[in-house]
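A.B. asks: Predicted model follows, preceded by the sequence.
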Amino acid sequence: MSNRREVAELLQAMAAVMSECGLRWYLFGAQAAIIWGSPRLSADADITAKLEPAAVDPFIETMRRHGFDPVPRDPNVDVNGTSIPVISPEDLIITKVLAGRPKDIEDIRGVIHEKKTSLDVHRIRTILDLLEQALSQSDLLPVFEKAWGEESQ
């Protein structure tokens, strides 16, 4: 199946979920760039929806009914019978701190929010400290600490 067809099917399924849930949403990112005339390869679809906190659980259930798995639980994801290893949440946070873009900082906050009680915070701090020393920087740990503190409130 072509990439274009897979994305179209994904968007149709997502439209059904959003309609059923009565949510306002839009497509952005690479797929929007393609639509608006910037040819490129991308198999993902970035979607933003206005979702109230009370609607999260019904939204997730609706997504599951439509064949989506919104929150993978296993660190190895099965994609059509192929096991795909996934970076640990700690290592993901470290790589996102290194990238440092606003989206990366949001990703860090999201991972902390979801995994806070199970994160090996000592490991994250130790590796970020080592990276600061190796790179002669002092701005990595503060990025993590700020995100960690914001999620502690």
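C.D. replies: Alright, I've got the coordinates.

A.B. asks: can you give me the helices in the protein?
C.D. replies: In the chain, the helices defined using DSSP state H lie at 3-21, 29-35, 56-65, 89-99, 102-115, 121-135, 140-152.

A.B. asks: weakest of those helices by average pLDDT?
C.D. replies: Mean pLDDT is lowest for helix 29-35 out of the helices of the chain, coming in at a mean of 73.

A.B. asks: Which other helices and strands does that helix contact?
C.D. replies: Counting by 3 or more C-beta pairs under 8 Å, 6 or more residues apart in numbering; DSSP states H and E, the packing neighbours recorded for helix 29-35 are strand 46-49. Every residue, glycine included, has its C-beta placed from N, CA and C.

A.B. asks: Quick one: residues contacting Thr62.
C.D. replies: Val17, Glu20, Cys21 (C-beta atoms under 8 Å, 6 or more residues apart in numbering).

A.B. asks: These, buried ones only, as a PyMOL selection?
C.D. replies: This is how PyMOL selects the buried members of the contacts of Thr62, with burial counted by 16 or more other C-beta atoms under 10 Å:
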select buried, resi 17+21
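
A.B. asks: and Ser136, what are its phi and psi?
C.D. replies: phi 50, psi 50 (degrees, to the nearest 10).

A.B. asks: Model confidence score at it, please.
C.D. replies: 95.

A.B. asks: Number of residues surrounding it?
C.D. replies: Ser136 has 6 neighbours, counted by other C-beta atoms under 10 Å.

A.B. asks: cool, the one 10 residues further on as well?
C.D. replies: By other C-beta under 10 Å, the residues close to Lys146 number 13.

A.B. asks: quick one, what contacts the residue nearest the centre of the chain?
C.D. replies: Centroid-nearest residue in the chain, with C-alpha atoms, centre = their mean: Asp107, separated by 6.0 Å. The contact partners of Asp107, taken as C-beta under 8 Å, 6+ apart, are Leu92, Lys96.

A.B. asks: Leu51 contacts Met18, correct?
C.D. replies: No. Counting by C-beta atoms under 8 Å, Leu51 stays clear of Met18, with 9.8 Å between them.

A.B. asks: These two - which one has more neighbours?
C.D. replies: For Leu51 versus Met18, the count of surrounding residues by other C-beta under 10 Å is larger for Met18: 20 against 15.
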